[in-house]
Every structure is written in C-alpha cells, then in structure tokens.
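Asks: dropping a prediction and its sequence here:
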Amino acid sequence: MDAHRVPQVTITPDGGGSSREMQQEDWGENPVDGALRRKLSTSSVSSTGSSAVESEDDLLSDSESKSRGIITLEHLVDTGENKPWWKLKTIVQWPFSATQRRKVNWVQLAGHKGNFKAADEGTILKKYSENEMLCFERLRNDALLPFVPVYHGIVEKDGESFLHMADLLMTFDLPNVMDCKMGVRTYLEDELVRARERPKPREDLYNKMVQVDGEGPTPQEHSQRGVTKPRYMQWRESLSSSNTMGFRIEGIKKCDGTCRTDFKKTRSEQDVMLVFKDFVGGNAKIIKSYLSRLLEIRQALTASEFFKRHEVIGSSLLFIHDHTGNAQVWIIDFGKTTALPEGHTLKHNVPWREGNREDGYLWGLQNLIHTLEAVSGEGSSQE
Ligand code: I3P
C-alpha cells in the first residue's frame, strides 16, 4: 500500500474549507487490517454509539442545514499541497500506526456541507431531515427499495438527530463516483411561490452566478447584487442539461483522487457523452453494467407506488464503479422529495407547468439511458 495515500471525503465544492493532520486519537483502538476503509453516504444518516469514525462538524463552517449530499472516503495521494478551500468533515480509523500523522482532505461532489458523520463500518450518518426520513419509511415496502441505500433508522448523537444508512462505497475497491441530479426542475413549487410573494435576492447566489457567467444576472440583479433562489436554480437548469435532457452531472470523483464539479455548462448530449467516457476510462463493460442497472431502475420506477405519489426534486443517481468491474447505480437524496396530496399521482415524463408538480424524472432517465447507449454504441478501447 502506498504510504502516501490518505483518506478523503467528497461532496460539493462551494465555500471554504480546511485540512488538518490526522492524529493518534483519530485512529481509535482497533486499526483496520488490510483494505482501507471508504465511506460514502447519501441522503440521510444518524449515528451509532460505537462509531469507528469520529466526526468533526465543528470544523464545518457551513450554515446550511439541509439534508442531502454524498460523502466518500478514499485514498488520495498526498501531494503535500494545502487545499484551504476543502473542509474536513470526518476522521476515519486508518490502518497506519498510531504515531503516523496524515493530512486528511475533504472534497465535496454534491450537496450541502456539514451534513454527514461517519458511523460503524459499512454505515454513514446524515443530518436529520423529516422529509427524507419519511421517504425512507415509505420506501420500506416499495419496488424501489433495492435501489436506495439501506436505511437503519434515526439515531441521536451529541444532541443531534441523524438518519443512519448504508455506506454505498463499502463493496468497492478505489471507487470512481459520479453524481447525476435527476429531473428538469430542481426547486420545489413552494419555493417559487414564496419567492414570488416575498422575493429575497441572495448575494451568495448572485456571486455564484457571476463566477460562471458575468452576464448571467439581469441589470436589476446586478444593481441589487442578488438573485432569488428559484431564479438561480432556473438559470442552473437552463445552463446545464437539466432542461434539455432532464438530468445533469453534478460532480465526479475518480479513484486517483481527482474531483471535478465544474459541470455547470455541460449541456449537450455530446458533452455529457464525453464526460461519461472519461469517467469510465473508455471501459465499455462498465457502461454496459451501468446501462443494465439503469434499465432495472426504470422498471422499478414504473412499478413503484412511492414514485407515483411523490414529486422527486433534487434526487440524484449515484454511479459507482471500480477497477474490478463492479459497477452500481443508486437512487439517493430525498431531502426535497415530497408526497402529493391524497389521490394525486405524477407521470414524471410530461412537461412541467406550474401547479402540475411534474419533475421530468422518467424523461431524464430515458435520456440518460439513450446517452449511455450512444456511448456504448461508439465502442471503446477496453472490453
Ligand atoms: C446549489 C444547488 C443545491 C441547492 C442550493 C444551491 O447551487 O442547486 O441543490 O440546494 O441552494 O445553492 P450550486 O449547485 O450551483 O452550488 P437545495 O437543493 O437544497 O435547494 P441553497 O443555497 O439554498 O442551499
């Protein structure tokens, strides 16, 4: 094992962060033999009393409290570089000697920072969200159950509530991870109504918009140095492939430790295909495995009572593969997935008009399948 490899956690890169050195107490009493541990979390989580992994949310200066995102722990070659914008979130037990001190860096692929704590081996904790908890409860007897992280219930830790769920990276060896946010719409209708009734221009969203496109804001938004949340979300959707394809790539973390989240302008099918080809390193077998998993997911969605009765907003498909050929896709992040009024159902493949609550999820999935079929049809260097 490369002595310079260090664990890393991955989620979205907005905002500041830090790195720190791992210390003796971080390793705990019972070092892991052999394979290094990796952690990934999805929607919601909670803690267990005997966690091999301690959390340091106090290092996260994130003011956001919503519940969604992904965490991955894995190996990263320590270049000795300081990445001051990264946030340390979790400390992992590690098979190095207790006296060794290693720098731990955290990167974020998607979701809000500060929402996760690691838990017992094979599990992860996510900041409690009632909405997400209700989704997990309702999914217990649903056709989608095999495609969502196993949910272990609510756990209290350090005075906070968490949702406790399976670590999706456990079965992978040096995983590659991609987060695709599904749907044509990434904000709730309620958010739109609230913004109309009481517009609250936000400077942070204005700044994020200007960073990508100085001409993104209207003259009025420039003068107030603020944009409302739905306006920002709609801009994100139209700039990326959300509107045109019903899904968009949020972030990718590769097994070599590199992490990319600069996909805000990845919009055309050709662009998306290129990203997928690069993600799988031209390995056609991985694309085929992903395709068959997506077909299973589509079938399960069609059979799912939960899916019929919920507006699925901000949920992602998480693609994970490794060098052994293991490839999986999971449905994650239910923080904004909401039940419809009694008797109402959605089609998920018709256009959204305000009031119909359609999300375009199935349409997006179909486009994603077509895109991967196109990648597969172009052949690849490795079979
Ligand atoms: C964020 C992203 C998140 C959203 C967040 C946005 O934009 O769209 O999904 O959180 O809103 O800032 P970006 O990807 O460009 O960083 P929700 O899905 O929870 O609404 P927020 O700033 O209000 O948390």
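Replies: Noted; the coordinates are in hand.
Asks: check which residues of stretch 290-302 are buried.
Replies: Neighbour-count burial for stretch 290-302, counted by 16 or more other Cβ atoms under 10 Å, picks out 290-291, 293-294, 297, 300-301. The C-beta positions use only the backbone N, C-alpha and C, and glycine is treated the same way.
Asks: so A143 belongs to a strand, correct?
Replies: No. Assigned with DSSP: H, G, I helix; E, B strand; the rest coil, A143 falls outside any strand and is coil.
Asks: list phi and psi for it.
Replies: Note on A143: backbone dihedrals following degrees, to the nearest 10 are phi -60, psi -20.
Asks: gap between it and R248?
Replies: From A143 across to R248, the span is 25 Å (Cβ to Cβ, to the nearest Å).
Asks: so these two - more neighbours on which side?
Replies: Comparing A143 with R248 by other Cβ atoms under 10 Å, the one with more neighbours is R248, at 27 against 16.
Asks: what's the mean pLDDT across the helix or strand where that one lies?
Replies: Secondary-structure assignment from DSSP states H and E places R248 in strand 247-253. The pLDDT scores in strand 247-253 average 97.
Asks: buried residues in stretch 112-122?
Replies: 112-120.
Asks: what's the first-to-last distance across that stretch?
Replies: Taking Cα to Cα, to the nearest Å, stretch 112-122 runs 22 Å from one end to the other.
Asks: ok, stretch 227-247 next?
Replies: Taking Cα to Cα, stretch 227-247 runs 23 Å from one end to the other.
Asks: got it, and stretch 311-323?
Replies: Its first and final residues considered, stretch 311-323 spans 36 Å by Cα to Cα.
Asks: pLDDT at the nearest residue to F247 once chain neighbours are set aside, what is it?
Replies: Spatial nearest neighbour of F247, chain neighbours left out: G364 (4.0 Å); criterion: Cβ to Cβ, 6 or more residues apart in numbering. According to the prediction, G364 has pLDDT 98.
Asks: show me what from the stretch 151-300 of the chain comes close to the ligand.
Replies: For the stretch 151-300 of the chain, the contact set with the ligand under Cβ under 6 Å from any ligand atom comprises 186, 208, 229, 233, 236.
Asks: so where's the stretch 101-250 of the chain shaky on pLDDT?
Replies: Low-confidence segments of the stretch 101-250 of the chain (pLDDT under 70): 101-111, 113.
Asks: any chance you could map the helices in it?
Replies: 130-139, 189-197, 203-212, 219-224, 229-239, 242-245 (DSSP state H, counting those that start in this stretch).
Asks: what does the model give the residue of the stretch 201-350 of the chain found nearest the ligand for pLDDT?
Replies: Nearest residue of the stretch 201-350 of the chain to the ligand: G314, at 4.2 Å (Cβ to the nearest ligand atom). You'll see G314 listed with a pLDDT of 97.
Asks: and for the one 3 residues further on?
Replies: Reading off the confidence values, L317 has pLDDT 98.
Asks: quick check: it touching V329?
Replies: Yes. Counting by Cβ atoms under 8 Å, L317 touches V329, with 5.4 Å between them.
Asks: who touches both of those two?
Replies: Shared contacts of L317 and V329, defined by Cβ atoms under 8 Å, 6 or more residues apart in numbering, comprise 294, 297.
Asks: what about V275, which helix or strand?
Replies: Secondary structure assigned from DSSP H and E places V275 in helix 269-279.
Asks: ok, G335 to E342 distance?
Replies: Relative to E342, and taking Cβ to Cβ, G335 is found at 22 Å.
Asks: settle it for me: which of the two has more neighbours?
Replies: Counted by other Cβ under 10 Å, G335 and E342 do not tie: G335 has more neighbours, with 25 against 6.
Asks: ok, the more buried one touching S129?
Replies: Yes. With contact defined as Cβ under 8 Å, G335 and S129 form a contacting pair (4.9 Å).
Asks: for burial, what's the neighbour tally of the nearest residue in space to Y232 that is not next to it in sequence?
Replies: Closest residue to Y232 in three dimensions, ignoring its sequence neighbours and counting by Cβ to Cβ, 6+ apart: L205, at 4.0 Å. Per other Cβ under 10 Å, the neighbour tally for L205 reads 20.
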